[in-house]
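**Q** one predicted model, sequence on top.
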Amino acid sequence: MSERPSVSERASVSERPSAAGRPSAAERPSAAERPYHHGNLRTALLAQAERIVRERGVQELSLRELAREVGVSHGAPRRHFPDRQALLDALAEDGFARLGAELRSAVDGAGDEFRARLQATASAYVRFATRDAALLELMFASKHGEQSGALHDAADRAFSIMFELIEQGQAEGALERGPSVRVGLVLFATIQGIAALVTGGMVQAEQLDELVADAIAHFLRGSRVAP
């Protein structure tokens, strides 16, 4: 499973050192004097925003606080995100892109056998959903809002991996024929339910793999084509 990259290096600030080798209080720039420039500001802002969402919740996310923590001027983030909603949409889009990458890595690493691919992908989704529950909630909320085309496309790409698996199962006779979206929604409801049980504390995280395996077994039995 891919790991979330660390926050980019903080922006450098040119300061005249004091005799002790460190800038004095008078020499240190105020928040308003911090520079706009940063080596990769957009990436750094999104990485730090994700950390805030994960640790403190979406309600604690603001452009001003984000700028302070990344080490740039208060106005610098607005070069990439005109307002807080634009930041939230970009964070959701980034989340869908990472979810898609993790699902693709799982399915590609599971070989050719349908059941193994399905279980690996389901496990990858549940791990993402339990590790980043607040981010996932933001992703779904943004997807159903007045989202940009880029956000909608990122979400479609992520979930298309599950629909590809459904189509493989149907082609091999492991799943009943019919609209892949309908069968996929049943699968999604199953694994999202497992994630909710874990994040709600009703199921221990250590039980996740076993629970996913049991759920996939029941899903396949219930969806198998009748002889």
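**A** Perfect, thanks for sending it.
**Q** before we move on, which element is the residue most central in space within the chain in?
**A** Taking CA atoms, centre = their mean as the criterion, residue 95 is the residue nearest the geometric centre of the chain, at 3.0 Å. Residue 95 belongs to helix 84-108 when assigned by DSSP states H and E.
**Q** name the helices or strands packed onto the helix or strand just after that helix?
**A** In the C-terminal direction, the helix or strand that comes right after helix 84-108 (DSSP H and E) is helix 114-131. Contact here means 3 or more CB pairs under 8 Å, 6 or more residues apart in numbering; DSSP states H and E; on that basis helix 114-131 packs against helix 84-108, helix 149-171, helix 180-199, helix 208-223. Where C-beta positions appear, they are placed from N, C-alpha and C, glycine not excepted.
**Q** thinking again about what came up before, if I look at the residue nearest to the centre of the chain, how far off is residue 58?
**A** 12 Å (CB to CB, to the nearest Å).
**Q** would you map out the domains in this structure?
**A** Structurally, the chain divides into domains by automatic domain parsing as follows: 31-79, 84-223.
**Q** ends of the longest one, what's the gap?
**A** End-to-end distance for domain 84-223: 43 Å, by CA to CA, to the nearest Å.
**Q** now that domain: mean pLDDT?
**A** Averaged across domain 84-223, the pLDDT comes to 91.
**Q** Serialize the helices and strands packed on helix 114-131 to TSV and add fields for distance to residue 75.
**A** Formatted as TSV, the helices and strands packed on helix 114-131 follow (distance: least, CB to CB, whole Å):
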stretch	distance to residue 75
helix 84-108	14
helix 149-171	24
helix 180-199	36
helix 208-223	43
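**Q** deepest-packed of these, please.
**A** helix 84-108 (a mean of 20; mean count of other CB atoms under 10 Å).
**Q** could you check the angle that helix makes with helix 149-171?
**A** If you take axes from the mean of the first three to the mean of the last three CA atoms, to 10 degrees, helix 84-108 sits at 20 degrees to helix 149-171.
**Q** helix 84-108 to helix 114-131, inter-axis angle?
**A** Using the same axes, to 10 degrees: helix 84-108 against helix 114-131 is 150 degrees.
**Q** who are the packing partners of helix 84-108?
**A** Other elements packing on helix 84-108 under the criterion 3+ CB pairs under 8 Å, 6+ apart are helix 41-56, helix 63-70, helix 114-131, helix 133-143, helix 149-171.
**Q** tell me which of those lies nearest to residue 184.
**A** Among these, helix 149-171 comes nearest to residue 184, with 4.9 Å by CB to CB.
**Q** same for the closest one, what does it pack against?
**A** Against helix 149-171 (3+ CB pairs under 8 Å, 6+ apart) you get helix 84-108, helix 114-131, helix 133-143, helix 180-199.
**Q** and these as a markdown table, adding distance to residue 44?
**A** A markdown table is the format used below for the helices and strands packed on helix 149-171 (distance: least, CB to CB, whole Å):
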| stretch | distance to residue 44 |
| --- | --- |
| helix 84-108 | 12 |
| helix 114-131 | 21 |
| helix 133-143 | 17 |
| helix 180-199 | 28 |
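**Q** which one of those helices lies nearest to residue 169?
**A** Residue 169 lies closest to helix 114-131 among the helices and strands packed on helix 149-171, at 5.2 Å (CB to CB).
**Q** ok now that closest one, how far from the chain's centre?
**A** Chain-centre distance of helix 114-131: 14 Å, with CA atoms, centre = their mean, to the nearest Å.
**Q** what of stretch 144-162?
**A** With CA atoms, centre = their mean, you get 12 Å for stretch 144-162.
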